[in-house]
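Colleague: what follows is a predicted structure for the sequence shown.
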Amino acid sequence: MIRTLPNTKRYSFTYGTFMICYFVFLFAPLFVTCVLAFNNSDFPSLPWYGFSLDWFVASGPERIGIFNDSQNLRAILTSFQTAFWVAIFSTIVGTCAAFLFEQEDFPFKNLLYFLMLAPLVIPGVILGISLLLAANTAGTFVENSFGIDVALFRPSFWLVVMGQFSFITTFVALVVSARLRKFDHTLEEAAMNLGATRLEVIWHITLKFLRPAVIGAGAVAFLMSFENFNTTLFLVGSKPTLPINLYLQVRDGSTPVINAISLLLIVGTFCLALVNLYFSKEKD
Amino acid sequence: MVISKSSKAALWLFLTPVLCWLLLLIVLPHIDLLRMSFGGENDYGEHVWTLQNYRNFFTEPIYWNTFLRTAIFSIITTIITFLLAMPVAFYIVKVVRPRFQGAMVLMLLLPFWVSELVRVYGWMILLRESGVINHFLLKFGVVDRPVEMLYNDATMIMGLVYTSMLFMVVPIISAMESLDDSLIEAAHDLGSGKLVIWYKIILPHCKPGITSGSIVVFMLVLGNYLTPNLMGGKNSLWFTEQIYNQFIASFNWNQGAAFGFLLLLLSSLIIWIGLKLSRQKLGEVAS
């Protein structure tokens, strides 16, 4: 049954086959997507017409490769900008939240902690529509009372950033909290005995200790933001992020340029994932 | 742990951004959602408070049928994900040689770092009428005409299982790692069969992981828009699509808000039942 107990040949064989099938199931869609990006065909399907880099570098008029596809390139840039700001904001506020719930004491702490966990169980679509409604209400209110039209309250770049920030911060806070719990508090006490103030201690000692966790959480926040679809869908303005832009293309019929973008995304995320795993191994 | 209460500055430094985040981006928007769901217009186009949006939900069979369908399919998907995740986790933690363990966990994680859209797109080019699987089926003479494998319930559920698999496997693996091998060995030596070992030792030990995995998977499936929409097509009848239609297509935000609030209620209710049944708290599950 387990590796220390004697197993029959049939048991090991069946279980091994099951696991191989499972991994084929996991990788088949990714593998096929990547391979078909190089097919010399106008549709992302078989038969195989030979190897071609058209869907990466072609410049038209019949085929436009991803490196010449201005619309998709703009979407990629927008996604990078969104993910950048979301990662910055959620890392800062998430780290604050970790300190707040691990080291401070104040009234209604449990209620606030419960609220912080709430984004884990609120479906992304609901978060998106609530923020859309609230931003609209706020925008109407400001316009009626002060006569100013604030662009921030309409579906736009910054509304997407706020929407993604609102739930990604919870993940950052949980990751940093877990690391903070392992911190040896005698170090802080020693520094305070030697005359450091609380904030000096946090800046010079605790944050240094937390750095790997904070960087790791920032990388995950970046990736979560880059790939988010459900919340972004309702908040997006005239500048779509990459997942939204891809969705519109997939829905209305697809060309292998989507495979090419997918291949780049797969390679990019694999690299980021491996770097992140490498650093988190080192941390332990 | 509280070190010193002397520094009020630190408390406010941490409390202010967190309060702003939770009040402005979590609490207020959901209060607004609730408020909007009771709004409406009378015959003269004036704004009034009404229960009409909720009444529509219960009187139009298409709405509550979709709602029930989404809930039931989400539960089915969660159960299938659990049944698939359990043997996978067990193999990685207890069966495979320790040398391969790290590599297997890595292989398990990698696909889930890739955007959900790319993974769903991969399934689409595999399964559709002109897809890769049909190409091989035709070539080897298994079928004479291409079969449309997309746009049905079974495919949609498979897609949902695929996209949320990881959130079940990882918590179960971490729960299973703390299970002492000697317990299983002792049970085996005393003559228990495999089923008894699973039922009496492995499942009870993994309960915390199973609970948190199930909650996350259920929530993600219930609120998913992308996978049902692309893999289920017009037949998917997923409740998030009703919300999207009310918001973007019909521009009826009050009705959409009511639907959104009902979905939020449903997901909270089922998660609450799950926590009660397994006697756990949300805080424990999250960490």
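Modeller: Nice, thanks for sending it over. Numbers count the residues shown, from 1 in each chain, chains lettered A, B, ... in the order given.
Colleague: any idea how far the closest residue to residue A:89 other than its chain neighbours is from residue A:61?
Modeller: Distances taken as CB to CB, 6 or more residues apart in numbering or on different chains place residue A:165 nearest to residue A:89, at 5.1 Å, with adjacent residues excluded. (Each C-beta comes from the backbone N, C-alpha and C, glycine too.) Distance of residue A:165 to residue A:61, given as CB to CB, to the nearest Å: 41 Å.
Colleague: then residue A:200?
Modeller: Distance from residue A:200 to residue A:61, by CB to CB: 64 Å.
Colleague: of these two, who's got more company?
Modeller: A count of neighbours by other CB atoms under 10 Å in any protein chain shown puts residue A:200 above the other of residue A:200 and residue A:61, at 12 against 6.
Colleague: what about residue A:275, neighbour count?
Modeller: With other CB under 10 Å as criterion, residue A:275 counts 12.
Colleague: name the SS class of it, please.
Modeller: Assigned state for residue A:275: helix (three-state reduction, DSSP: H, G, I helix; E, B strand; the rest coil).
Colleague: what is the burial count for residue 131?
Modeller: No chain specified, so I'll use chain A. 27.
Colleague: chain B was what I was after
Modeller: 23.
Colleague: what does residue B:26 give?
Modeller: Residue B:26: 22 neighbours (other CB under 10 Å).
Colleague: surely it touches residue A:121?
Modeller: No: between residue B:26 and residue A:121 there is no contact under CB atoms under 8 Å: 11.6 Å.
Colleague: looking at chain A, which helix or strand is least sure?
Modeller: When the helices and strands of chain A are compared on mean pLDDT, DSSP states H and E, helix A:54-57 comes out lowest with a mean of 77.
Colleague: avg pLDDT for the following helix or strand past that helix?
Modeller: Later in the chain than helix A:54-57, the nearest helix or strand by DSSP states H and E is helix A:70-103. The predicted model gives helix A:70-103 an average pLDDT of 90.
Colleague: and the angle for the helix or strand just after helix A:70-103 with helix A:70-103?
Modeller: Using DSSP H and E, the helix or strand that directly follows helix A:70-103 along the chain is helix A:109-121. Taking axes from the mean of the first three to the mean of the last three CA atoms, to 10 degrees, one finds helix A:109-121 and helix A:70-103 inclined to each other by 150 degrees.
Colleague: what mean pLDDT does helix A:109-121 have?
Modeller: 87.
Colleague: same deal with stretch A:222-240?
Modeller: Mean pLDDT, computed over stretch A:222-240, is 88.
Colleague: point out where the stretch 1-150 of chain B drops to low pLDDT.
Modeller: Applying pLDDT under 70 to the stretch 1-150 of chain B picks out residues B:1-7.
Colleague: helix or strand: which one has the closest residue to chain A within it?
Modeller: Chain A sits closest to residue B:122 of the stretch 1-150 of chain B, with a gap of 2.6 Å, by CB to the nearest CB. Using DSSP H and E, residue B:122 sits within helix B:116-127.
Colleague: return the distance of that helix from the chain's centre.
Modeller: Mean-position distance between helix B:116-127 and its chain equals 18 Å (CA atoms, centre = their mean, to the nearest Å).
Colleague: what's downstream of it, the next helix or strand?
Modeller: Next along from helix B:116-127, by DSSP H and E: helix B:132-139.
Colleague: put the alpha carbons of that next one into PDB.
Modeller: The C-alpha coordinates for helix B:132-139 follow below in PDB (Å, rounded to 0.1, in the frame of the first residue of the first chain):
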ATOM      1  CA  VAL B 132      -6.600  17.400 -32.700                       C
ATOM      2  CA  ILE B 133      -8.400  14.500 -31.100                       C
ATOM      3  CA  ASN B 134     -10.900  14.300 -33.900                       C
ATOM      4  CA  HIS B 135      -8.100  14.400 -36.400                       C
ATOM      5  CA  PHE B 136      -6.600  11.300 -34.900                       C
ATOM      6  CA  LEU B 137      -9.900   9.500 -34.500                       C
ATOM      7  CA  LEU B 138     -10.600  10.100 -38.200                       C
ATOM      8  CA  LYS B 139      -7.200   9.000 -39.200                       C
END
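Colleague: may I see the buried residues of it?
Modeller: For helix B:132-139, the buried set under the neighbour-count rule, 16 or more other CB atoms under 10 Å in any protein chain shown, comprises B:132-135, B:137.
Colleague: quick one: that helix to helix B:116-127, angle?
Modeller: Using the same axes, to 10 degrees: helix B:132-139 against helix B:116-127 is 10 degrees.
Colleague: helix or strand next in line after helix B:132-139, which one?
Modeller: Downstream of helix B:132-139 (by DSSP H and E), the next one is helix B:153-176.
Colleague: now for that following helix, which elements pack on it?
Modeller: helix A:9-36, helix B:61-90, helix B:98-113, helix B:116-127, helix B:203-222, helix B:226-227 (3 or more CB pairs under 8 Å, 6 or more residues apart in numbering or on different chains; DSSP states H and E).
Colleague: quick one, phi psi at residue A:211?
Modeller: phi -50, psi -50 (degrees, to the nearest 10).
Colleague: if you could redo that for residue B:94, that was the one I meant.
Modeller: According to degrees, to the nearest 10, residue B:94 has phi -110, psi -20.
Colleague: can you tell me, leaving aside adjacent residues, what's nearest to it?
Modeller: residue A:2 (4.3 Å).
Colleague: residues in contact with that neighbour?
Modeller: B:94-95, B:181, B:184-185 (CB atoms under 8 Å, 6 or more residues apart in numbering or on different chains).
Colleague: any chance of those residues in a markdown table with distance to residue B:253, secondary structure and neighbour count as columns?
Modeller: Below are the contacts of residue A:2 laid out as a markdown table (distance: CB to CB, whole Å; DSSP: H, G, I helix; E, B strand; the rest coil; neighbours: other CB atoms under 10 Å in any protein chain shown):
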| residue | distance to residue B:253 | secondary structure | neighbour count |
| --- | --- | --- | --- |
| B:94 | 52 | helix | 18 |
| B:95 | 53 | helix | 17 |
| B:181 | 57 | helix | 13 |
| B:184 | 56 | helix | 22 |
| B:185 | 61 | helix | 15 |
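Colleague: farthest-apart pair in these, please.
Modeller: Of all pairs drawn from those, the greatest distance, 13.8 Å, lies between B:95 and B:185 (CB to CB).
Colleague: hang on, the earlier thing: mind pulling up the pLDDT for the residue nearest to residue B:94?
Modeller: 74.
Colleague: before we move on, back to that, residue B:265: which of the helices and strands packed on helix B:153-176 is closest?
Modeller: Short answer: helix B:61-90, nearest of these by CB to CB, at 10.6 Å.
Colleague: how big is the angle separating that closest one from helix B:153-176?
Modeller: Between helix B:61-90 and helix B:153-176, the angle comes out at 40 degrees (the same axes, to 10 degrees).
Colleague: just how off-centre is the least confident helix or strand of chain A within its chain?
Modeller: Using CA atoms, centre = their mean, the offset of helix A:54-57 from its chain centre is 27 Å.
Colleague: ok, stretch B:232-245 next?
Modeller: Relative to the centre of its chain, stretch B:232-245 is centred 16 Å away, using CA atoms, centre = their mean.
Colleague: what's in contact with it?
Modeller: A:123, A:125, A:129, A:230, A:233-234, B:63, B:65-67, B:69-70, B:150-153, B:155-156, B:159, B:222-225, B:228-229, B:256, B:259-260, B:263.
Colleague: hmm, back to that, mean confidence for the helix or strand that contains the residue nearest to residue A:89?
Modeller: Under the criterion of DSSP H and E, residue A:165 resides in helix A:157-180. Taken as a whole, helix A:157-180 has an average pLDDT of 90.
Colleague: can you point out the buried residues in it?
Modeller: A:157-177, A:179-180.
Colleague: do stretch A:231-249 as well
Modeller: Those would be A:231-236, A:239-247, A:249, for stretch A:231-249 by 16+ other CB under 10 Å.
Colleague: of these, which are in range of chain B?
Modeller: Filtering those for neighbours of chain B using CB under 8 Å from any CB of the partner chain leaves A:233-234, A:243, A:246-247.
Colleague: tell me the one among these nearest to residue A:196.
Modeller: Looking across these and measuring by CB to CB, the closest to residue A:196 is residue A:243, at 45.7 Å.
Colleague: alright, calling it a day.
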